[in-house]
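J.: Can you look at this prediction? I've put the sequence above it.
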Amino acid sequence: MAKRKRNQRAKPTHNLCLASQIKDAVAKDSTESKLRAELQSLKSKYKHALDQIKLAEEAKKKAESLADIKVKKFTQKRRNKKKPSATAILVCSDWHSEERIVPEDCRNMNEFNLEIADQRIKTLVDKASMLIEHESHLANIDRIVVAALGDFITGHIHDDCIERTQLAPLAAARWAGERLNGVIDRMQEIAPVLVVTATGNHGRTTRKPRVSTENDHSYEQNLYLTMASAERRPGVTWKVGRGYHNIVDLDGFILRAHHGHSLSGGGGIGGLSSPANRAISKWNVAQKADLDIFGHFHQFLHIPYRFVCNGSLCGHNAFADRIRAEFQPASQSLVILDHEHNRVTKVLPVFVQ
């Protein structure tokens, strides 16, 4: 009995020894695992260091091989600070100054009346002045052409025109003339001004358009001639068109200005570009022009080396909506002509709406 009791008391001591051995073994394994991880990390860093040393040695060898090569230094030539001469062409047409456009007639896309027209003209000269000032950093703007290309008034050529106009034709022509004079005044503050004119199809005294006597029945032609004869401002000259085309020689660059109403509509796949290009090609057979500028179609369109079609001041109206014309916000156009290359370098719509 005494021996059995002694064996029973010895068991707890044996268990404690076994637990201690297990604990020591776990600690040893953990330590060995950490050491193996550190060793692997050191091997990786060592390998990376060897690779870097190898790359550095290769770079050194390349540098030593290039040591005897002489490098030619290039010096940038000093540019001529003289800027090229340029002409800015501000195209003004299709103001339809006295026409009243109510939003309900054109799906609320536009509104126009005398007050809005006045504000848009002010916006036009402000923006045009800023754009010309910007271009003056690249070229000397030696001249500004104000291309007055007709339809400054809507007139009374149709019954609905009579119902939608706020002034009679003569009063409307005077109103538009005063604003056109204001445009010329602002442009004259920047550079000498050449006013180039063409009559439109709306400002006529007859119900049906004429051909050979078109200008004889034009309120706008009368306005141009009156303004030109009364011109006293230094640096402002006029070239009033006598026929449908007004041909202007701008230091060797031939400009052909007209209103655009002799061109057929652009309802085909090519739009306006196809009939305009056909007409210009035929006109160029007898007399070559470098650029045609016109309005009439109330849309801004530029085909390089061919033509610039001007937008309108009045903007989208019931007629444009009825014929499914493309909507464009009210705008006029600015053309920059570089005389050094005898080329148009920039054509910009001047948005006023």
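T.: Thanks, I have the structure now.
J.: Now do the strands in the protein.
T.: Using DSSP state E, the strands found in the chain span residues 85-92, 140-148, 193-197, 236-239, 246-250, 253-257, 291-294, 301-303, 307-309, 331-338, 343-351.
J.: buried set for the last one?
T.: Using 16 or more other CB atoms under 10 Å as the burial criterion, the residues of strand 343-351 that qualify are 344, 347, 348, 349, 350, 351. All C-beta spots, glycine's among them, are computed from the backbone N, C-alpha and C.
J.: do the same with stretch 311-322
T.: 311, 312, 313, 314, 315, 316, 317, 318, 319, 320.
J.: In the stretch 51-200 of the chain, where is pLDDT below threshold?
T.: 71-81 (pLDDT under 70).
J.: Look up how far residue 245 lies from residue 65.
T.: Using CB to CB, to the nearest Å, residue 65 is found at 72 Å from residue 245.
J.: what about these two, which has more around it?
T.: Neighbours were counted for residue 65 and for residue 245 using other CB atoms under 10 Å; residue 245 has more, 18 against 9.
J.: Verify the stated contact: that one with residue 256.
T.: Yes: using CB atoms under 8 Å, residue 245 is in contact with residue 256, at 5.7 Å.
J.: Look up the residues that both of these two are in contact with.
T.: residue 283 (CB atoms under 8 Å, 6 or more residues apart in numbering).
J.: Kindly list the longest helix within the chain.
T.: helix 2-65 (DSSP state H).
J.: so how far is that one off the chain centroid?
T.: 71 Å (CA atoms, centre = their mean, to the nearest Å).
J.: In CSV: the buried residues of strand 343-351, plus distance to residue 176 and pLDDT.
T.: Putting the buried residues of strand 343-351 into CSV (distance: CB to CB, whole Å; pLDDT from 0 to 100) gives the following:
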residue, distance to residue 176, pLDDT
344, 27, 97
347, 24, 98
348, 23, 97
349, 21, 98
350, 18, 98
351, 20, 98
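J.: Among those residues, which one lies nearest to residue 235?
T.: residue 350 (22.3 Å; CB to CB).
J.: quick one: pLDDT of the closest residue to residue 94 other than its chain neighbours?
T.: Computed as CB to CB, 6 or more residues apart in numbering, the closest residue to residue 94 that is not its neighbour in sequence is residue 312, at 3.8 Å. On the pLDDT scale, residue 312 is placed at 97.
J.: Distance check, residue 312 against residue 153.
T.: From residue 312 to residue 153 the distance is 13 Å (CB to CB).
J.: again, but for residue 280
T.: Distance from residue 280 to residue 153, by CB to CB: 27 Å.
J.: same deal with residue 18?
T.: Residue 18 is 115 Å from residue 153, where distance means CB to CB.
J.: Now do the same contact list for the closest residue to residue 341 other than its chain neighbours.
T.: Nearest residue to residue 341 in three dimensions, chain neighbours excluded: residue 84, at 7.8 Å (CB to CB, 6+ apart). For residue 84, the contact set (CB under 8 Å, 6+ apart) comprises 139, 140, 338, 339, 340, 341.
J.: The last one: how many residues sit nearby?
T.: What it means is residue 341. Residue 341: 10 neighbours (other CB under 10 Å).
J.: how near is it to residue 165?
T.: 45 Å.
J.: Residue 294 versus the nearest residue to residue 309 once chain neighbours are set aside, what's the distance?
T.: Using CB to CB, 6+ apart and skipping residues adjacent in sequence, the residue nearest residue 309 is residue 301, 4.1 Å away. The gap separating residue 301 from residue 294 is 10 Å, by CB to CB.
J.: cool, residue 109 as well?
T.: Distance from residue 109 to residue 294, by CB to CB: 24 Å.
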